[in-house]
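A.B. asks: Just to be clear, the model below is a prediction. Sequence and coordinates:
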Amino acid sequence: MDLKMSEQLASAFLSYYSNFTNKDTSLISIERIFGGASRETYKIKIQDSSNNEEKLVLRLSQDSSLIETDQRTEYLAYSAFQGSKVPVPVLIDMSEDSDLLGAPFMLMKELKGEAASPFTPNVYAPFEEDLGNQFWSILGEVAKKEINHEIFEIFSKELKNPIWKNELDKWVAVIKEDSISIEPILEAGIRYLYKNPPKETSYISLVHGDYRSGNFLYSKNKITGILDWEMAHLGDPLEDLGWALSPIWSWQDRDRPAYLIPRDEALEVWENSSNCKVDQKDLEWWELFAAIKGMAIWISAGNEFKSGKNIDPINLFSAWIPGDIHLEVILNTLESKI
């Protein structure tokens with residue numbers, strides 16, 4: 001964002017927030033956080049007339065994004081976990097009125113902690129064990145959380161049975177829309193998933209949709225927040241587990257998913273936290289699904305960059321290295337079935 005746009009946003013935000021809180025407010029700083037796939041994210045520091053400072057995070061919808069998502073989905077997902085064992089930011093406001101800040105937005109309090117790149121080995125050292133136990137335990141809490149009736153009803157409008165097919169159809173449609181030509185390995189993986197479906201889950205949960213390293217905040221040995229819920233939906237909790245286990249998030253040390261704790265330990269922690277028993281055959285299906293879903297996202301990213309709709313370098317990177325890794329995962333999985 002250039003200086004002129006930054007000044008315009010700062011002015012618009014100050015006007016909006018002063019009216020929203022009915023307080024005289026001054027802006028100390030506004031800083032964009034780069035790397036988001038579907039939102040423009042800003043750290044904002046403000047001060048009221050009594051010199052009290054407040055740190056906020058603003059999430060603006062983008063006209064063009066790597067993943068097409070609904071702002072309200074993210075807001076509702078955060079709402080579902082307020083005050084729970086799943087650490088999420090405190091929500092302040094959400095608006096779909098583009099006249100206020102130039103785009104629909106969500107505002108929340110800033111959490112302490114930092115996010116690490118999911119592609120950097122040993123980034124969590126020396127706290128891998130502590131963070132790993134929390135990471136997989138929190139995912140278990142997501143799986144078993146009872147969602148209030150109002151939020152469940154809103155999310156259930158998109159729910160279709162069988163759940164596995166609903167999700168697979170969605171991502172295959174993205175691939176067909178954005179691909180110039182489909183890789184034969186990718187086509188084979190898709191055919192395998194349709195022909196060898198998992199058991200229909202008897203337990204429907206709120207699925208994060210992008211639960212992985214890089215989407216949580218931590219401070220030393222403590223996870224302080226789970227972020228980026230814009231892909232949340234109702235589904236099979238094994239979907240989140242398969243995505244989080246993907247070797248894309250630990251491609252230089254695949255024995256430690258997310259560069260945290262060993263796979264067998266991660267599964268044990270998740271089972272104990274979620275009160276769900278992992279069916280290995282079904283989990284294999286969801287792990288292959290994760291590779292197909294990943295390919296859909298990377299293909300979409302490349303299409304956005306090539307068309308000029310979104311020239312954020314993250315889209316170019318996403319279309320390159322992650323795609324190769326997920327094709328490798330698909331090929332290795334299919335070869336193991338021969």
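C.D. replies: Yep, it's here.
A.B. asks: so where do the helices sit in the stretch 151-300 of the chain?
C.D. replies: 163-178, 184-195, 237-244, 263-274, 280-307 (DSSP state H, counting those that start in this stretch).
A.B. asks: Quick check: which of these is buried the most?
C.D. replies: Counting by mean count of other CB atoms under 10 Å, helix 237-244 has the highest mean neighbour count of these, with a mean of 26. Quick note: C-beta positions are derived from backbone N, CA and C, even for glycine.
A.B. asks: Over to the residue sitting nearest the centre point of the chain: give its phi and psi.
C.D. replies: Centroid check for the chain by CA atoms, centre = their mean gives D210 as the closest residue, at 3.1 Å. Main-chain torsions, D210, degrees, to the nearest 10: phi -150, psi 40.
A.B. asks: That one contacts H233, doesn't it?
C.D. replies: No. Counting by CB atoms under 8 Å, D210 stays clear of H233, with 11.0 Å between them.
A.B. asks: thinking L131 is in contact with Y218, fair?
C.D. replies: Yes. The pair L131 and Y218 qualifies as a contact (CB under 8 Å) at a distance of 5.9 Å.
A.B. asks: Quick check: neighbours shared by these two?
C.D. replies: Counting by CB atoms under 8 Å, 6 or more residues apart in numbering, the contacts common to L131 and Y218 are Y124.
A.B. asks: Return the helix or strand in the protein with minimum mean pLDDT.
C.D. replies: Taking mean pLDDT, DSSP states H and E as the measure, the chain has helix 313-318 as its least confident helix or strand, at a mean of 52.
A.B. asks: what does the helix or strand that that helix is followed by contact?
C.D. replies: Sequence-wise, the next helix or strand downstream of helix 313-318 (DSSP states H and E) is helix 321-336. Outside helix 321-336, the residues that touch it by CB under 8 Å, 6+ apart are 119, 183, 185-186, 188-189, 192, 246-248, 251, 284, 287-288, 291-292, 294-295, 298-299, 302.
A.B. asks: Distance from helix 321-336 to the middle of the chain?
C.D. replies: 21 Å (CA atoms, centre = their mean, to the nearest Å).
A.B. asks: List the buried residues of it.
C.D. replies: Buried positions in helix 321-336, judged by neighbour count with 16 or more other CB atoms under 10 Å: 322-323, 325-327, 329-331, 333.
A.B. asks: which one among those gets closest to P89?
C.D. replies: Closest approach between the buried residues of helix 321-336 and P89, by CB to CB: P322, at 26.7 Å.
A.B. asks: What confidence value was assigned to the closest one?
C.D. replies: In this model, P322 is scored at 75, pLDDT.
A.B. asks: rewinding a little: and the buried residues of helix 321-336 as a markdown table, adding distance to S137?
C.D. replies: Output for the buried residues of helix 321-336, formatted as a markdown table (distance: CB to CB, whole Å):
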| residue | distance to S137 |
| --- | --- |
| P322 | 26 |
| G323 | 31 |
| I325 | 27 |
| H326 | 27 |
| L327 | 32 |
| V329 | 25 |
| I330 | 30 |
| L331 | 33 |
| T333 | 27 |
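A.B. asks: tell me which element E7 falls in.
C.D. replies: Judged by DSSP H and E, E7 forms part of helix 3-21.
A.B. asks: Remind me what the next helix or strand along the chain from that helix packs against, helices and strands.
C.D. replies: Counting by DSSP H and E, the next helix or strand C-terminal to helix 3-21 is strand 25-33. Contact here means 3 or more CB pairs under 8 Å, 6 or more residues apart in numbering; DSSP states H and E; on that basis strand 25-33 packs against helix 3-21, strand 39-48.
A.B. asks: Note down every partner strand of strand 25-33 and its orientation.
C.D. replies: Sheet partners assigned to strand 25-33 using DSSP bridges are listed as strand 39-48 (antiparallel).
A.B. asks: residues in contact with the helix or strand following the strand it pairs with?
C.D. replies: Next in sequence after strand 39-48, counting helices and strands by DSSP H and E, comes strand 53-61. Contact with strand 53-61 is made by 13, 28, 38-48, 71, 74, 89, 92, 101-110, as judged by CB under 8 Å, 6+ apart.
A.B. asks: Now do stretch 228-241: distance from first to last residue.
C.D. replies: End-to-end span of stretch 228-241 (CA to CA, to the nearest Å): 16 Å.
A.B. asks: Likewise for stretch 247-260?
C.D. replies: 12 Å.
A.B. asks: Not counting its own residues, what contacts it?
C.D. replies: The contact list for stretch 247-260 (CB under 8 Å, 6+ apart) reads 118-124, 128-129, 131-132, 135-136, 212-214, 244-246, 262-263, 266, 294, 322, 325-326, 329.
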